[in-house]
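K.L.:
What follows is a predicted protein model with its sequence.
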Amino acid sequence: MANNNGWIFLFSVWLFVYNLAMLDFHATSAQENITVPAIYIFGDSTVDVGTNSYLPKCKARADMPHNGIDYPGSKATGRFSNGHNVADFLAQFLGYKESPPPFLSLLNKKKQIPKRRIPTKGVNFASGGSGLLDDTGKLLWGDVVSFGKQVQKFRTVRNNISESWGAGGLANISKSIFIISVGSNDMFELFAANKYNLTKKTEKDFLSRLISSYETHLRDLFKLGARKFGIIGVPAIGCCPVQRKLSETGGCLEAMNAYSHLFFTSLQVLLKELSSECKGMLYSLGDTYTMTNVIMETPLPLGLVEVAKACCGKGKLNAELRCEQDSNLCENRHGYLFWDQYHSSQAASGMLAMYLFGGAPFMVSPMSFSQLAVA
């Protein structure tokens, strides 16, 4: 958790009041003017909208109740949420109804995209349980789609667009936003494999692998025509209910939080270097580590009453088991920061999306997602 000194607490309250007043303006203006031709989304369960539901051998699934209880029609869509997630809200702020559909939903029985279904408004490639490294999630969850594989699937979409619409279609790709939210699962597995006791060398070597992998995938996307990158950092994952339950006091695992912040600072350096080298590359980097810390310090002004316990689950902090139909379900779903063991609630996802879209510079830089859209 961040410092709890009184002046920081008061500053955080003031900051939220200020930003909430400004963010409504940003969201309204964006919905009146669609500013990007398409949205392409990559990453893990934080932005997955149903990819894993199309993977029979995948155990990281959310296509069962109580998931989706607050989604229109109370439908379990495969989102790890009681309703919409961050990807949906960002899409809404850009003028769309919700996130574009998962790539796998577009395929026919021959595993091809029919010409009539070639997406014009974007695709969501994100897969719950996946990570920056190709092997992340495989042992625990089975068949998940790594970030690298997601980029390969985008190549397929890009080629289909090129064949169907030529130079005009490729030009639209360069004006589109590429939203990426990945890295948490790599860190979860690192800490679990080392029994939460990492040496400095292990931390450094693994961080180097993560950043190197991120660089490779960003370069590949750039070669395929991507120019606008909306990067969502790793939040304070040591404060997820599934990690808190490991503590006798129910507190956050600060070593894990420190590592996610170290990852963020390394990502800052990488993006600065890449944007100076790759002509035409623009990016917005969201500091969700700071965002989640501020939310946990000042929940009441945002209507949140519970920031440690999961809304849906079983056992200690409702975090012993994943959310399913026979799980305990909180009554005030809009007052919880966490929906399940790992994931933010619909209410919290909306807050994070607002900060990414139009928040203060210390939360999203060198420009906000809304500024990136019109750049």
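P.N.:
Nice, thanks for sending it over. Numbers count the residues shown, from 1 in each chain.
K.L.:
in the protein, which spans are strands?
P.N.:
39-43, 122-124, 177-181, 228-232, 282-286, 306-310, 312-313, 328-329, 336-338, 364-365 (DSSP state E).
K.L.:
where does the third one sit relative to the chain's centre, distance-wise?
P.N.:
Just to be clear, that refers to strand 177-181. 9 Å (Cα atoms, centre = their mean, to the nearest Å).
K.L.:
Partner strands of that strand, with direction?
P.N.:
Sheet pairing for strand 177-181, assigned by DSSP bridges, gives strand 39-43 (parallel), strand 228-232 (parallel).
K.L.:
quick one on the thing from earlier: I'd like the strands of the chain as JSON lines, with distance to Tyr71 appended.
P.N.:
The C-beta positions use only the backbone N, C-alpha and C, and glycine is treated the same way. Below are the strands of the chain laid out as JSON lines (distance: least, Cβ to Cβ, whole Å):
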{"stretch": "strand 39-43", "distance to Tyr71": "17"}
{"stretch": "strand 122-124", "distance to Tyr71": "15"}
{"stretch": "strand 177-181", "distance to Tyr71": "19"}
{"stretch": "strand 228-232", "distance to Tyr71": "21"}
{"stretch": "strand 282-286", "distance to Tyr71": "24"}
{"stretch": "strand 306-310", "distance to Tyr71": "18"}
{"stretch": "strand 312-313", "distance to Tyr71": "14"}
{"stretch": "strand 328-329", "distance to Tyr71": "15"}
{"stretch": "strand 336-338", "distance to Tyr71": "16"}
{"stretch": "strand 364-365", "distance to Tyr71": "26"}
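K.L.:
Could you dump these into JSON lines with distance to Ser345 and mean pLDDT added?
P.N.:
Formatted as JSON lines, those follow (distance: least, Cβ to Cβ, whole Å; pLDDT from 0 to 100):
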{"stretch": "strand 39-43", "distance to Ser345": "18", "mean pLDDT": "98"}
{"stretch": "strand 122-124", "distance to Ser345": "20", "mean pLDDT": "98"}
{"stretch": "strand 177-181", "distance to Ser345": "16", "mean pLDDT": "98"}
{"stretch": "strand 228-232", "distance to Ser345": "17", "mean pLDDT": "98"}
{"stretch": "strand 282-286", "distance to Ser345": "18", "mean pLDDT": "98"}
{"stretch": "strand 306-310", "distance to Ser345": "9", "mean pLDDT": "98"}
{"stretch": "strand 312-313", "distance to Ser345": "9", "mean pLDDT": "98"}
{"stretch": "strand 328-329", "distance to Ser345": "12", "mean pLDDT": "98"}
{"stretch": "strand 336-338", "distance to Ser345": "5", "mean pLDDT": "98"}
{"stretch": "strand 364-365", "distance to Ser345": "21", "mean pLDDT": "97"}
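K.L.:
Would you mind giving the ones you listed as a markdown table with mean neighbour count and distance to Leu262 added?
P.N.:
Below are the strands of the chain laid out as a markdown table (neighbours: other Cβ atoms under 10 Å; distance: least, Cβ to Cβ, whole Å):
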| stretch | mean neighbour count | distance to Leu262 |
| --- | --- | --- |
| strand 39-43 | 27 | 20 |
| strand 122-124 | 26 | 29 |
| strand 177-181 | 27 | 18 |
| strand 228-232 | 25 | 16 |
| strand 282-286 | 23 | 15 |
| strand 306-310 | 22 | 23 |
| strand 312-313 | 28 | 29 |
| strand 328-329 | 16 | 35 |
| strand 336-338 | 27 | 23 |
| strand 364-365 | 22 | 18 |
